[in-house]
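>>> Need coordinates for the following:
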Amino acid sequence: MRVALIQMPVAAEKAKNIETACQKIREAAAQGADFAVLPEIFCCPYQNDCFHTCGEAENGPAQTALSALAAELGIYIVGGSIPELADGSLYNTCYVYGRRGELLAKHRKVHLFDINVVGGQCFRESDTFSPGNAVTTFETEFGTMGLCICFDLRFEELARCMCLRGAKVIFVPAAFNMTTGPAHWEILFRQRAVDNQCFTVGVSPARNESASYVAYGNSIAVDPWGTVLCRAGAEAVTLYADLDMARVDAVRQQLPILSARRTDLYEVRGK
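Got it, this is the predicted structure:
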């Protein structure tokens, strides 16, 4: 199973970003990719004042373009995320399309990125976005896949729920910044992979030092043993990771973490 990690630049114009994403997906398909994965908020700058302007309702231009391209190329597309307008609210949403262009999954970011690090990054997604309320997995010929967005990865419970449903890969469109990225990016992807004995795939926008929110980049794929298979730098680049699904089963048999859990002891009692 070949995965293309598309670390693309994000411009101010939504149409240009959609065009860039489609061009990179075409290149990925030509390289034999089964999955093309885009970054979080790939269609506009990561700024609260851009989210409503570039948001779209069901069957909007970004969704339509990705669905049509998945069908044309016969490729799975994990569509990063876009601002989704629905029910009078705005969500940070990832759409996944199958080889026939069908919608396989839609994940609304569950944990909103509200942080204030002393001497570092301050950002409040909840000023604009509403949270989703679902654990998201989807089925492919390679097995069950899990899906979350950026800050969601910090919550082990969510990753564990996906893997208990059978997920062998967790896809994570993300946009860590220059405070959280150097500190936690790689360790989180390796930690979730080891804890859940699965592959983790994180895809970021390319770094733009002149943006108001500077993404860390460093798109990454990690195997179930915690080995980094590939990792980008700051630049615009597409990486390719070949994931052997048999590796998941082999690691789970050798270290039976999931099957050896003592759920009779794990209930939290009291405060």
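>>> When you work out contacts or count neighbours from here on, use the C-alpha atoms and nothing else.
Noted.
>>> So what does Ile6 have for phi and psi?
In terms of degrees, to the nearest 10, the main-chain angles of Ile6 are phi -100, psi 100.
>>> Report the separation between the closest residue to it other than its chain neighbours and Arg231.
Once flanking residues are discounted, Ile6 sits nearest to Thr238: 4.5 Å by Cα to Cα, 6 or more residues apart in numbering. For Thr238, the distance to Arg231 (Cα to Cα, to the nearest Å) stands at 10 Å.
>>> same thing with Lys24?
From Lys24 over to Arg231 (counting by Cα to Cα), the distance is 18 Å.
>>> So between those two, which is more surrounded?
Remark: of Lys24 and Arg231, Lys24 carries more neighbours, 22 against 19, as counted by other Cα atoms under 10 Å.
>>> which non-adjacent residue is nearest that one?
Nearest residue to Lys24 in three dimensions, chain neighbours excluded: Ile6, at 6.9 Å (Cα to Cα, 6+ apart).
>>> what does Val37 give?
Val78 (4.7 Å).
>>> Backbone dihedrals for that neighbour, both of them.
The phi/psi pair for Val78 (degrees, to the nearest 10) reads phi -90, psi 100.
>>> which residues does it contact?
Phe35, Ala36, Val37, Leu38, Cys94, Tyr95, Val96, Tyr97, Phe171 (Cα atoms under 8 Å, 6 or more residues apart in numbering).
>>> Could I get the pLDDT score of it?
We have a pLDDT of 98 for Val78.
>>> pLDDT weak spots in the stretch 151-271 of the chain?
Scanning the stretch 151-271 of the chain for pLDDT under 70 picks out 270-271.
>>> which residue ranges form the helices in it?
Listed in chain order, the helices of the stretch 151-271 of the chain (DSSP state H, counting those that start in this stretch) span 156-164, 180-196, 245-254.
>>> now what about the last one, what contacts it?
It refers to helix 245-254. Residues external to helix 245-254 that are found in contact with it (Cα under 8 Å, 6+ apart): Met1, Phe142, Lys168, Gln197, Cys198, Phe199, Pro224, Trp225, Leu258.
>>> and the angle from it to helix 180-196?
70 degrees (axes from the mean of the first three to the mean of the last three Cα atoms, to 10 degrees).
>>> Okay, strands next: where are they in the stretch 101-250 of the chain?
Listed in chain order, the strands of the stretch 101-250 of the chain (DSSP state E, counting those that start in this stretch) span 103-108, 114-116, 122-124, 136-140, 143-147, 167-173, 199-203, 220-222, 228-231, 237-242.
>>> Out of the ones you listed, which gets nearest to Ser212?
The closest approach between Ser212 and any of the strands of the stretch 101-250 of the chain, judged by Cα to Cα, belongs to strand 122-124 at 10.9 Å.
>>> Show me what the mean pLDDT comes to for the closest one.
On average, strand 122-124 scores 62.
>>> what's the answer for stretch 34-45, then?
Here the average pLDDT along stretch 34-45 is 97.
>>> Check the offset of it from the chain's centre.
Its chain's C-alpha centre and that of stretch 34-45 lie 8 Å apart, by Cα atoms, centre = their mean, to the nearest Å.
>>> How about stretch 223-233?
15 Å.
>>> end-to-end on that stretch?
Stretch 223-233 end-to-end distance (Cα to Cα) = 19 Å.
>>> I'd like to know how far the closest residue to Gly181 other than its chain neighbours sits from Ala232.
The shortest distance from Gly181 to any non-neighbouring residue, by Cα to Cα, 6+ apart, is to Tyr216 (5.6 Å). Taking Cα to Cα as the measure, Tyr216 and Ala232 are separated by 10 Å.
>>> Which of the two has more residues huddled nearby?
Using other Cα under 10 Å as the criterion, Tyr216 and Ala232 rank with Tyr216 on top: 25 against 19.
>>> Tell me the spacing between that one and Ala15.
Counting by Cα to Cα, the gap from Tyr216 to Ala15 is 23 Å.
>>> picking that back up, tell me which of the strands of the stretch 101-250 of the chain sits nearest to Gly55.
Comparing these by Cα to Cα, strand 103-108 comes nearest, at 13.5 Å.
>>> what angle sits between that closest one and strand 143-147?
Going by the same axes, to 10 degrees, strand 103-108 makes 30 degrees with strand 143-147.
>>> Against which helices or strands is strand 103-108 packed?
strand 89-97, strand 136-140 (3 or more Cα pairs under 8 Å, 6 or more residues apart in numbering; DSSP states H and E).
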